[in-house]
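> Attaching a predicted model along with its sequence, questions to come.
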Amino acid sequence: MRNCQFNALLNLLKLFIPRLTSTLFAQEETTHAGRVKWNAVQNYIASVKYHHGSQLNNDTRWILKNLLIVGFFICFTSCNHDKLKKLSEIKSNAKISFPSDFMIGVSSSAYQIEGAYNEDGKGESNWDKFSNTPGNVKINGNITADHYHRYKEDVQLLKKLGVKSYRFSIAWTRIYPDGTGKINQKGIDFYKDLVKLLKENEIEPIVTLFHWDLPQKLEDKGGWANRETADAFENYATTMFKELGSDVTWWTTFNEPWVTCFMGYWIGDYAPGKKDLPTALQCTHNILLAHGKAVKALRKINSKAKIGITLDLQMALPVDPTNSEDLKAAQIINNSHHAWFADPIFFGKYPKDIIELYKKQKVSLPEIQPGDMELINQKIDYLGLNFYNTESFKMSDGKGWWPYKVESVKDDKKLYMDKSIDASGLYIILKYLDHKYNHTKILITENGCFNEDYVNQKGEVNDEIRIEYIYKHLEMCKKAMDEGVDLIGYTNWSFLDDYEWGDFGRMGMVYVNFKTQERIIKKSGYWYARCIKENAFNIE
């Protein structure tokens, strides 16, 4: 009976919502944007039905309340005419082309694909220790996709994907097993050969120096909470700048330092598994110091090289943009997450409102020495953007996330792990970054989705949802570029199915059988290759 009542209500809402969206946004339901937004509402309703179907009753006010939340979100993302133009200007399934120098490629990271965790002189990282400690995670990354032994085969797969660029990270412990001291030549040789093969196949390497795996010997001394780790990073970075020399033009100092610091030193779900907010804040400052030191070092060694940093910039929006408290909640999240890292780099200071928030909550702030902010405030060549989803926030009644006192209205993972795709948040964050950070160049260094991929009887992997996901986000890239955003490239996450920090994940364009290490290019990979070759992205 409940399902019948729900379906009846859903049919009624199908008549109601298009009229609501048409009225709010002065656009027809038949436009591409209208369909995108209505699909988002439909998927939201479907998810409520799926997850709560057994608990539904006749209290339709609860359902309508949640639909109004979605309505306000739609209003904010689609109809702020001062900042956002109508997404309906893009025709459904239009062919999208990019400039010839637009870097389009795929991403990976050392710990997630390399394996060979204790071979050829490699030292132990904090993720090696964390993932091999019982009770921390489901699976360790000791072998994962075994890229270390299969990199030559994998470069040929990259060639088949037709990518112009490949973003990967270096395992610090392959170069300096203890973090400092004696260099491990076998580690140097591995990355030199990888870069050489990429260049021979006309694939531009984009090298990340740190993607969360810190040498355990440094972790034992306090890790990123110890200021001396920034000096060790400068030494390691300088070594790589010299060793890889003119073969690498594009460098990234850090990948998502928020995750390293807050997930690793405060929330404790990631290595090293500590739970202390002041330690996490000191981590942020020391990583930014290390970033500044590395940028300065590169300028002395190779003035033609480009360097930046990658931040995880999921856009926080207010649940209700007409509610001042919801607006405040979104600003707190954006400033404590985005601006806490970007503002010191671009403006030489931490966001004042977050400093005051921490003081009010009696949270110890990081130790800042004279000259630190000037060192952090080095000019970078681009800002790396990792984007997966948008979240909506509201102020909490006391039960929210301390010390910010906010709460999210949705599980962020479901926004890109489920099969509802709304890419408009990428457009919003691109315009936001362009406006706030002085029209800086932006490189999308990660964007992708999980899917329950499997090999069918024909030996194929049909991941149409990934094609749709990428296409819709490329639409937003093109629109932002047409409006003046200096976006220089798009890098899909990820190249291979890999180790996703506790379990294996199917986010790749290449399927990996983790038992046999067989690789199969997915349907999305063949689609990506065709579109890159033709410089025309569309869904057939």
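Thanks, I have it.

> What is the burial count for R227?
17 (other CB atoms under 10 Å). In short, each C-beta sits where N, CA and C put it, glycine included.

> Likewise for A529?
17.

> Ignoring the adjacent residues along the chain, who's closest to it?
Excluding its sequence neighbours, the residue lying closest to A529 (CB to CB, 6 or more residues apart in numbering) is G162, at 3.9 Å.

> And the one you found, what's its pLDDT?
At G162, the predicted lDDT confidence score is 98.

> Skipping adjacent residues, who's closest to the most centrally placed residue in the chain in space?
With distances taken as CA atoms, centre = their mean, the residue of the chain nearest its centroid is N386 (3.0 Å). Sequence neighbours aside, E446 is the residue nearest to N386 in space, at 3.9 Å (criterion: CB to CB, 6+ apart).

> residue contacts, the residue nearest to the centre of the chain?
Applying CB atoms under 8 Å, 6 or more residues apart in numbering to N386 gives the contacts N255, E256, T310, L311, D312, L313, I444, T445, E446, N447, W493.

> export the residues you listed to CSV and tack on pLDDT and neighbour count?
Below are these laid out as CSV (pLDDT from 0 to 100; neighbours: other CB atoms under 10 Å):
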residue, pLDDT, neighbour count
N255, 98, 24
E256, 98, 22
T310, 98, 27
L311, 98, 26
D312, 94, 19
L313, 89, 27
I444, 98, 27
T445, 98, 29
E446, 98, 23
N447, 97, 23
W493, 98, 24
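
> Now secondary structure too, for these, in JSON lines please.
Output for the contacts of N386, formatted as JSON lines (DSSP: H, G, I helix; E, B strand; the rest coil):
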{"residue": "N255", "secondary structure": "strand"}
{"residue": "E256", "secondary structure": "coil"}
{"residue": "T310", "secondary structure": "strand"}
{"residue": "L311", "secondary structure": "strand"}
{"residue": "D312", "secondary structure": "strand"}
{"residue": "L313", "secondary structure": "coil"}
{"residue": "I444", "secondary structure": "strand"}
{"residue": "T445", "secondary structure": "strand"}
{"residue": "E446", "secondary structure": "strand"}
{"residue": "N447", "secondary structure": "coil"}
{"residue": "W493", "secondary structure": "coil"}
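
> ok, of these, which one's closest to A480?
Distance to A480 across these (CB to CB) is lowest for I444, with 10.3 Å.

> any idea how far the closest one is from T239?
To T239, I444 is 28 Å away according to CB to CB, to the nearest Å.

> Same check on Y499?
Applying CB to CB to Y499 and T239 gives a distance of 26 Å.

> and those two? which has more neighbours close in?
Y499 (26 against 15).

> can I assume that one is in contact with I113?
Yes. Here Y499 reaches I113: they are 7.3 Å apart, a contact under CB atoms under 8 Å.

> what touches both of the two?
Residues touching both Y499 and I113 (CB under 8 Å, 6+ apart): T144, A145.

> Just the residues contacting the host helix or strand of K129, thanks.
Here K129, judged by DSSP states H and E, is contained in helix 126-131. With CB under 8 Å, 6+ apart as the test, helix 126-131 has contacts from 111, 117-118, 136-137, 139-142, 173, 212-216, 219, 223, 264, 270-273, 502.

> at 7 Å instead, please
With CB atoms under 7 Å, 6 or more residues apart in numbering as the test, helix 126-131 has contacts from 111, 117, 136-137, 140-141, 212-214, 216, 219, 223, 271-273.

> Give me the buried subset of those.
Listed as buried from these are 111, 117, 136-137, 140-141, 212-214, 216, 219, 223, 271-273; burial here means 16 or more other CB atoms under 10 Å.

> Specify which member of these is nearest to N456.
Using CB to CB, G141 comes nearest to N456 of the buried ones among the contacts of helix 126-131, at 28.0 Å.

> my read: the closest one touches Y111, true?
Yes. Contact criterion CB atoms under 7 Å: G141 and Y111 qualify, at 5.4 Å.

> any residues in contact with both of the two?
By CB under 7 Å, 6+ apart, the residues touching both G141 and Y111 are W127, Y499.

> what ranges do the strands span in the stretch 301-450 of the chain?
Taking DSSP state E, counting those that start in this stretch as the criterion, the stretch 301-450 of the chain carries its strands at 306-312, 315-318, 382-386, 390-395, 406-408, 442-446.

> In PDB, could you pull the C-alpha coordinates for the fourth one?
Yep, that's strand 390-395 we're talking about. Extracted in PDB, the C-alpha atoms of strand 390-395 (Å, rounded to 0.1, in the frame of the first residue of the first chain):
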ATOM      1  CA  THR A 390      28.600  19.300  -4.300                       C
ATOM      2  CA  GLU A 391      27.200  19.300  -0.700                       C
ATOM      3  CA  SER A 392      24.600  21.400   1.000                       C
ATOM      4  CA  PHE A 393      25.100  22.600   4.500                       C
ATOM      5  CA  LYS A 394      23.100  24.300   7.300                       C
ATOM      6  CA  MET A 395      24.000  25.500  10.800                       C
END
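
> Tell me which other helices or strands it touches.
Where contact means 3 or more CB pairs under 7 Å, 6 or more residues apart in numbering; DSSP states H and E, strand 390-395 is packed against strand 315-318, helix 324-334, strand 406-408.

> Can you tell me which of the ones you listed is most buried?
Highest mean neighbour count of those: strand 315-318, a mean of 23 (counted as mean count of other CB atoms under 10 Å).

> which residues touch K522?
Taking CB under 7 Å, 6+ apart as the criterion, K522 is in contact with D453, V461, D463, M509, V510, Y511.

> is it true that A271 lies in a strand?
No. Under three-state DSSP, A271 sits outside any strand and is assigned coil.

> closest to Q369 among the contacts of helix 126-131?
Within the contacts of helix 126-131, the smallest distance to Q369 is 18.8 Å, found for G223 (CB to CB).

> gap between that closest one and M240?
Taken as CB to CB, the span from G223 to M240 is 20 Å.

> for F346, same thing?
Per CB to CB, F346 is found 25 Å from M240.

> more neighbours, these two?
Shown here are F346 and M240; by other CB under 10 Å, M240 has more neighbours (22 against 18).

> Determine the set of other helices and strands touching the helix or strand where the more buried one lies.
Here M240, judged by DSSP H and E, is contained in helix 228-244. Using 3+ CB pairs under 7 Å, 6+ apart, the elements in contact with helix 228-244 are helix 172-175, helix 185-200, strand 204-210, helix 277-301.
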